[in-house]
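Q: heads up, no residue letters with this:
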């Protein structure tokens, strides 16, 4: 997670220490949103196979929405008196997850790996939602709205991995590589 930010001011009614923690939560999500939209674009460019066009076209609206999330998160950081970190170096230095590990691969492999990616992103958003319940309900609302969209996108991915009995091909996978293999 990003280092403690220096705040020169914050919004009325929010204690400076609480604002500092909220900015940390926002910055972590900003890193995740920037990483996710780049990962999704990488998948868009590298997916191949019989369902190429369906997956290729499904991914681009997700990219655009997540890019919008990044902008909203950065603007909320600035609103609270922080300075958003949006450079690639700061993302790589501060993220707590590994880089996406699948290159050119079939649709099912990428969708399997994306299942794991979305699980991680959504889980961290939900953890932030819980913590924000005591800190800042305005930021919590933002996290809730973004989580709703991420869960919808995750469902789109999982629909390709599910059999008619409701079983996910990636159910036992804990890494992108395992999920890609299980889904293919």
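A: Received the coordinates, thanks. Quick caveat, the model's predicted, so the values are computed rather than measured.
Q: ok, now which ones touch the residue nearest the centre of the chain?
A: The centre of the chain sits closest to residue 121, judged by CA atoms, centre = their mean, with a distance of 4.2 Å. By CB atoms under 8 Å, 6 or more residues apart in numbering, the contact list for residue 121 reads 32, 36, 150. For the C-beta atoms, the positions are set from N, CA and C on the backbone; glycine is no exception.
Q: How much space separates residue 84 from residue 9?
A: Taking CB to CB, to the nearest Å as the criterion, residue 84 is separated from residue 9 by 15 Å.
Q: what does residue 158 give?
A: From residue 158 across to residue 9, the span is 43 Å (CB to CB).
Q: Would you mind telling me which of the two has more residues around it?
A: Using other CB atoms under 10 Å, the more surrounded residue of residue 158 and residue 9 is residue 158, with 18 against 10.
Q: secondary structure element for that one?
A: Assessed by DSSP states H and E, residue 158 sits inside helix 137-159.
Q: so what does that helix touch, helix or strand wise?
A: Counting by 3 or more CB pairs under 8 Å, 6 or more residues apart in numbering; DSSP states H and E, the packing neighbours recorded for helix 137-159 are helix 16-46, helix 52-79, helix 107-135.
Q: May I see these arranged in TSV, with distance to residue 97 and mean pLDDT as well?
A: Below are those laid out as TSV (distance: least, CB to CB, whole Å; pLDDT from 0 to 100):
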stretch	distance to residue 97	mean pLDDT
helix 16-46	8	97
helix 52-79	15	97
helix 107-135	6	98
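Q: would you turn those into a markdown table with distance to residue 177?
A: Formatted as a markdown table, these follow (distance: least, CB to CB, whole Å):
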| stretch | distance to residue 177 |
| --- | --- |
| helix 16-46 | 15 |
| helix 52-79 | 19 |
| helix 107-135 | 8 |
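Q: Which among these is found nearest to residue 100?
A: Residue 100 sits nearest to helix 16-46 of all those, at 4.5 Å, using CB to CB.
Q: Show me which residues of the closest one are buried.
A: Neighbour-count burial for helix 16-46 flags 18-44 (criterion: 16 or more other CB atoms under 10 Å).
Q: likewise stretch 161-174?
A: Neighbour-count burial for stretch 161-174 flags 161, 168-170, 173 (criterion: 16+ other CB under 10 Å).
Q: Secondary structure and distance to residue 61 added to those residues, as JSON lines?
A: Output for those, formatted as JSON lines (DSSP: H, G, I helix; E, B strand; the rest coil; distance: CB to CB, whole Å):
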{"residue": "161", "secondary structure": "coil", "distance to residue 61": "19"}
{"residue": "168", "secondary structure": "strand", "distance to residue 61": "23"}
{"residue": "169", "secondary structure": "coil", "distance to residue 61": "24"}
{"residue": "170", "secondary structure": "coil", "distance to residue 61": "22"}
{"residue": "173", "secondary structure": "coil", "distance to residue 61": "25"}
